[in-house]
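Peer 1: fold the following for me, if possible:
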Amino acid sequence: MKRWPIILLFSFLLIGGPVRQASANPTQYGDTGLLSQPSAETLNAGNICIGLWANCAASKGGGGEATILPATITLGLGTFMEAYGSFPNLLFNDDELESGRGYANLGFKLRVLGKRSSPFKLAVDGQMRRLVTDDPEYDGLTDVLGRLIASYKPGKFGIHLNAGYLTTESPPDIDYDDQYIFGAGLEFLPAYRLRLIAELEAQTEKFKGADAPLEATLGMQYFLMPHLTLNFGVGLGMSNASPDWRALVGLSGCQGVGNFITPIERVTEDAPENGGDKAEEQEKKIRLKTLTPLLSLGEQDTSPVARWELPVPADEPEIIVGPEENLKVETQPVLEGLAVASFDAGQVAPSASESVVPTRAAVYRQFRLPDTIFAADQRSLSDEGRENLALLAEALRADRQWLLVRIDAHTDNVGPDQYNEELSRQRAATVASYLVLRQGIEPKRVFVKGFGESLPIADNALPEGRTENRRIEVRVLTPREIVE
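Peer 2: Model (predicted):
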């Protein structure tokens, strides 16, 4: 009877709530997934993950505890496929059979439906398992597994289901049956560094008269940094063929060594070409004076701001900024306690005190700030970063032609996609907040956008390329149309 509360709890978790996409991370068998159950995700091309796990299980009927130390490796081979493998026990203590998971495996997973950014994905998986033990009757027994894996995760929750068929090799005195294998996993991300996990694994009986294995696991994964993840889980056997309990602890690290970059969906829609009442209501039309020339004919400017400024191509596409990108800051209570530089909003016509509406704008000037304004994997500004932003704000105050500014933040491809996207958003907000709270830039003129790793300008396979890709770009915007 003790298994029913666990089944009910897992069923409740499994059917509750909407779902969201999560980052890919290898399991204790090497395939991308949760703790033990796979997902239809695949590792980014050119990436490699290595994991070290501790797996301790208590046998039924007081048979003692068995501890093994599996090691895993995962290779991203393309935009939709990965190869993986594991070795069961680096302790070599002959606990492999008692642990119930004492086999080396080598597998290949292929995503056949859904893009990397799609909420629903379908994958097929082929795996070879070879038992490793000191018992000569069992050592070297080889099984072959084929599975179909489905994942659905458009939100903070995700569900993963898999079903497969395992062909087994029998020892001399026992006739093993082929087995059907079923698994399910549920994930929830309460924070972008933390993933909570529930799993259920079931198999048909291995030989006639034996119980069918059934095991449930609850656990978590915590992203210590972009390329290092801590895994922890506690399992409970729900049949006599499974251990009484199981404890899992793992540390997995991933590193990008290739240059494949996952594209992201467009974040804005193209502006309508034909006029219309609805389009005219959404666009913000502002009267501006004629712009002065961008380049001076005098002596060349050698200031730091001039070194950061980039030329604006003649075919630079227009940008649409909307209220969802506008910096949300409660400035008044904070500004009273800060030494904020003065900023005369009257210099820039008209005032941006009106409500922010979607605005189509052209890039007037653009700057690329050095990577040193942030420390590695940090969201707070360095001393050098604050000095650089102060110089940039001074240049903006001296230029009376600009209307809006958008802060674009980019990262390299080290770490999970979701982590990099969140890091870039927070860095963009940090820069924008400093310009508003410390340099007096009007908040309704400031917009932020985090692109993560999606728009590289250099090769991520090289250290200097990754340094170039970790950047902040400040785009100074003017409206597209002038109202008579």
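Peer 1: which residue, neighbours along the chain excluded, lies closest to Trp53?
Peer 2: Of all residues not flanking Trp53 in the chain, Gly250 sits nearest, at 3.8 Å (Cβ to Cβ, 6 or more residues apart in numbering). Any C-beta I mention is one placed from the backbone N, CA and C, and that applies to glycine too.
Peer 1: quick one: strands adjacent to whichever strand or helix holds that neighbour?
Peer 2: When elements are assigned from DSSP states H and E, Gly250 belongs to strand 245-256. According to DSSP bridges, strand 245-256 forms sheet pairs with strand 47-58 (antiparallel), strand 228-237 (antiparallel).
Peer 1: on that earlier part again, do you know the pLDDT at the residue nearest to Trp53?
Peer 2: The model reports Gly250 with a pLDDT of 95.
Peer 1: my read: it touches Met220, true?
Peer 2: No - taking contacts as Cβ atoms under 8 Å, Gly250 lies outside contact range of Met220: 11.2 Å.
Peer 1: who has more neighbours, these two?
Peer 2: Gly250 (23 against 16; other Cβ atoms under 10 Å).
Peer 1: and the more buried one, what does it touch?
Peer 2: By Cβ atoms under 8 Å, 6 or more residues apart in numbering, the residues touching Gly250 are Gln28, Leu35, Gly51, Leu52, Trp53, Ala54, Leu230, Asn231, Phe232.
Peer 1: verify the stated contact: the last one with Met220.
Peer 2: Yes - taking Cβ under 8 Å as the definition, Phe232 is a contact partner of Met220 at 5.6 Å.
Peer 1: follow-up on the earlier one: neighbour-wise, give me the winner out of the contacts of Gly250.
Peer 2: Gln28 (27 neighbours).
Peer 1: who's Thr72 bridged to?
Peer 2: Here Thr72, judged by DSSP bridges, has bridge partners Gly51, Ser86.
Peer 1: for the contacts of Gly250, which one is nearest Tyr419?
Peer 2: Using Cβ to Cβ, Leu230 comes nearest to Tyr419 of those, at 14.1 Å.
Peer 1: list the contacts of that closest one.
Peer 2: Shown in contact with Leu230 (Cβ under 8 Å, 6+ apart): Gln221, Tyr222, Leu224, Gly250, Leu251.
Peer 1: I'd like the strands paired with strand 245-256 as TSV, with distance to Phe157 appended.
Peer 2: Output for those, formatted as TSV (distance: least, Cβ to Cβ, whole Å):
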stretch	distance to Phe157
strand 47-58	24
strand 228-237	18
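Peer 1: mind telling me what element Leu435 is part of?
Peer 2: Short version, using DSSP H and E: Leu435 is in helix 417-437.
Peer 1: and that helix, what does it pack against?
Peer 2: Other helices and strands packing on helix 417-437, by 3 or more Cβ pairs under 8 Å, 6 or more residues apart in numbering; DSSP states H and E, are helix 331-335, helix 383-398, strand 404-410, strand 446-450, strand 471-479.
Peer 1: which of the contacts of Gly250 sits closest to Glu318?
Peer 2: Using Cβ to Cβ, those come closest to Glu318 at Leu230, 44.8 Å.
Peer 1: quick check: beta-bridge partners of the closest one?
Peer 2: Tyr222, Leu251.
Peer 1: that one and Ile48, how far apart?
Peer 2: 19 Å (Cβ to Cβ, to the nearest Å).
Peer 1: how close does the residue lying closest to Asp173 once chain neighbours are set aside get to Gly85?
Peer 2: Counting by Cβ to Cβ, 6+ apart, Glu137 is the residue found nearest to Asp173 once chain neighbours are left out, at 7.6 Å. Counting by Cβ to Cβ, the gap from Glu137 to Gly85 is 25 Å.
Peer 1: neighbour count: these two, which is higher?
Peer 2: Regarding Glu137 and Gly85, a neighbour count based on other Cβ under 10 Å identifies Gly85 as having more, with 19 against 11.
Peer 1: burial count for the closest residue to the more buried one other than its chain neighbours?
Peer 2: Nearest-residue entry for Gly85: Leu106, 4.4 Å, with adjacent residues in sequence omitted and distances by Cβ to Cβ, 6+ apart. Close neighbours of Leu106, defined as other Cβ under 10 Å, add up to 15.
Peer 1: beta-bridge partners for Leu106, please?
Peer 2: Gly85, Met128.
Peer 1: list the contacts for it?
Peer 2: Counted by Cβ under 8 Å, 6+ apart, Leu106 has contacts Ala83, Tyr84, Gly85, Gln127, Met128.
Peer 1: so the third one touches Ile73, yeah?
Peer 2: Read it as Gly85. Yes - with contact defined as Cβ under 8 Å, Gly85 reaches Ile73; the gap is 5.7 Å.
Peer 1: joint contacts of those two?
Peer 2: Joint contacts of Gly85 and Ile73 (Cβ under 8 Å, 6+ apart) are Gly30.
Peer 1: among the contacts of Leu230, name the buried ones.
Peer 2: The neighbour-count test (16 or more other Cβ atoms under 10 Å) applied to these identifies Gln221, Gly250 as buried.
Peer 1: please pull up the helix or strand immediately following whichever strand or helix holds Lys121.
Peer 2: Taking DSSP H and E as the definition, one finds Lys121 inside strand 120-131. Moving toward the C-terminus from strand 120-131, the next helix or strand (DSSP H and E) is strand 142-152.
Peer 1: if I look at Pro213, how far off is Gln378?
Peer 2: 46 Å.
Peer 1: more neighbours: which of those two?
Peer 2: Per other Cβ under 10 Å, whichever of Pro213 and Gln378 has more neighbours is Pro213, with 21 against 13.
Peer 1: please tell me I have it right and that one contacts Leu200.
Peer 2: No - judged on Cβ under 8 Å, Pro213 makes no contact with Leu200 at a distance of 11.4 Å.
Peer 1: just the buried positions in stretch 180-192, please.
Peer 2: Ile181, Gly183, Ala184, Gly185, Leu186, Glu187, Phe188, Leu189, Tyr192.
Peer 1: from the centroid of the chain, which residue is nearest?
Peer 2: Gln418 (2.1 Å; Cα atoms, centre = their mean).
Peer 1: on that earlier part again, and of the contacts of Gly250, the nearest to Val436?
Peer 2: Out of the contacts of Gly250, the member with the shortest distance to Val436 (by Cβ to Cβ) is Leu230, at 36.2 Å.
Peer 1: now the strands for the stretch 151-300 of the chain?
Peer 2: 157-167, 179-191, 194-203, 214-225, 228-237, 245-256 (DSSP state E, counting those that start in this stretch).
Peer 1: what strands flank the third one, and is each parallel or antiparallel?
Peer 2: Okay, so that is strand 194-203. strand 179-191 (antiparallel), strand 214-225 (antiparallel).
Peer 1: how much space between Leu404 and Asn162?
Peer 2: 49 Å.
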